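[1] 3D, please:
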Amino acid sequence: MSEFRQDIVSKQWVLFAPNREGRPEDFKTPPATPDPKTLPAVEKTCVFCPGNEGYNQEIASYPKGKDWKVRVIPNKFEALGHRGGRSRSDFYVVREGIGDHEVLVTRQHNIMTAFLPDDLMDLNLRVYQERMRELSQHPEIQYVHVVQNHGRDAGATLIHPHSQIFATPFVPEHLHQEVTGSYLFYQDHGACVYCETILKELEHKDRIVLDHKDFLVFAPFASRVPYALRIISKTHRASFMEISTQERHSLALVLKYVLQKLYYKLGNPAYNYYIHTMPVSHNLLTRYSYDSYHWHLEVLPRLKVWGGFELGSDVYVNTITPEVAADTLRQP
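    Residues are numbered from 1 along each chain as shown. Below is the predicted model of the structure:
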């Protein structure tokens, strides 16, 4: 039986039509990347690989020097920059594309993020935090967005594992809706909607993929795409930048677990993951409350193409219920 479900925060509707498709094998797509075993540790023609550092200006490296494990560089084809431009026009609203667009690169060409050593995954997360703190100091920046695109269908143009960091002079509308929805729930109920969601998911259990001591991994009630997952801290914090060293260590393990589940259960699909965190506090509205918002990490496998109904109505059709997705991914 089909049913509509509404996201409790954004109020966005999703139509679940589980009778159309059901099993992981129904989503047969080519692997997002070649088998890592077939790839060299260093690819001479890859601009991200060691030995090709001269192709990219360096923002930071960890550790500093030729033996770096993680390197941060400007995006050569940046979507944002600090060049001037028009801020408005006579009819349409226009603003300058001011901001920052950085790329975080891990050293080895043939180790996917899902299989990074624990310490290197933790270093990735630490660099996310450090770059977010640095970029947040720029007076024009209101939001810093960390993403990873895996596979061409997810927007990655290079195989070499990397993440991207965008700093924008406004709060993206989707984030604004999340933060506002959280604030309104807090005003009505005196509680964080995400903390309440954690309690409900732990009570019902059927959408949980992993119950870790520090994090909960579950398939959201109104998931927009098949096998979408949310990783959320059991400790209320509005900003990813505020998590402790211990929480970061735990997140490294949990994120690896999730990405490996996608690799083995879904055949290495293309995916996006991104961090939703509290906007930078330069010009925040009063409804952007640290008490009401709760940072989280979203993982979206790219297993289907949205059609005219989704694009025209902004109502997503998902053929896998989150209960079925969670059950599949829970299995050993």
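[2] Tell me who's in contact with the nearest residue to residue 276 once chain neighbours are set aside.
    In this structure, residue 276 finds its nearest non-sequential neighbour in residue 296, 5.6 Å apart by CB to CB, 6 or more residues apart in numbering. To be clear about C-beta, it is placed using only N, CA and C from the backbone, and glycine gets the same treatment. Contacts for residue 296 (CB atoms under 8 Å, 6 or more residues apart in numbering) come out as 194, 230-233, 275-276.
[3] Quick check: the two most widely separated of those residues?
    Within the contacts of residue 296, two members stand farthest from each other by CB to CB: 194 and 275, at 13.8 Å.
[4] Phi and psi next, for the residue nearest to residue 276.
    phi -160, psi 170 (degrees, to the nearest 10).
[5] Enumerate the beta-bridge partners assigned to it.
    For residue 296, the beta-bridge partners are residue 232, residue 276 (DSSP bridges).
[6] Now do it against residue 197, distance only.
    The gap separating residue 296 from residue 197 is 10 Å, by CB to CB, to the nearest Å.
[7] Could you name every residue contacting both of the two?
    residue 232.
[8] in the stretch 151-300 of the chain, which ranges drop under the pLDDT threshold?
    Residues of the stretch 151-300 of the chain that meet the criterion pLDDT under 70 lie in 282-286.
[9] Walking through it, point out its strands one by one.
    Secondary structure of the stretch 151-300 of the chain (DSSP state E, counting those that start in this stretch): strands located at 162-168, 208-211, 215-218, 229-233, 271-276, 296-301.
[10] so where's the longest helix in this structure?
    For the chain, the helix reaching the highest residue count under DSSP state H is reported as helix 245-266.
[11] Contacts only, for the most centrally placed residue in the chain.
    Central residue of the chain (CA atoms, centre = their mean): residue 274, 1.1 Å from the mean position. Contact analysis of residue 274 by CB under 8 Å, 6+ apart lists 145-148, 297-298.
[12] Just the closest of those residues to residue 257, please.
    Nearest member of the contacts of residue 274 to residue 257, counting by CB to CB, is residue 297, at 12.5 Å.
[13] Neighbours of the closest residue to that closest one other than its chain neighbours, how many?
    Nearest residue to residue 297, sequence neighbours excluded (CB to CB, 6+ apart): residue 231, at 4.3 Å. By the criterion of other CB atoms under 10 Å, residue 231 has 22 neighbours.
[14] Distance check, residue 231 against residue 141.
    25 Å.
[15] still on that earlier bit, next, format the strands of the stretch 151-300 of the chain as JSON lines and append distance to residue 259.
    Listed next are the strands of the stretch 151-300 of the chain as JSON lines, based on distance: least, CB to CB, whole Å:
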{"stretch": "strand 162-168", "distance to residue 259": "12"}
{"stretch": "strand 208-211", "distance to residue 259": "12"}
{"stretch": "strand 215-218", "distance to residue 259": "11"}
{"stretch": "strand 229-233", "distance to residue 259": "10"}
{"stretch": "strand 271-276", "distance to residue 259": "8"}
{"stretch": "strand 296-301", "distance to residue 259": "8"}
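[16] nearest to residue 61, of the ones you listed?
    Using CB to CB, these put strand 162-168 closest to residue 61, at 13.8 Å.
[17] Show the pLDDT at residue 103.
    Per-residue confidence at residue 103 stands at 97 (pLDDT).
[18] centre of the chain versus stretch 61-79, how much separation?
    Its chain's average C-alpha position is 20 Å from that of stretch 61-79, according to CA atoms, centre = their mean, to the nearest Å.
[19] so what does the strand or helix carrying residue 126 touch, helix or strand wise?
    Using DSSP states H and E, residue 126 falls within helix 118-136. For helix 118-136, the packing partners by 3 or more CB pairs under 8 Å, 6 or more residues apart in numbering; DSSP states H and E come out as strand 60-62, strand 70-74, strand 100-106, strand 143-150, strand 162-168, helix 245-266.
[20] The shortest one pairs with which strands, parallel or anti?
    When pairs are called by DSSP bridges, strand 60-62 turns out to pair with strand 70-74 (antiparallel).
[21] my read: residue 257 touches residue 210, true?
    Yes. Proximity of residue 257 to residue 210 meets the contact threshold set by CB atoms under 8 Å, at 6.1 Å.
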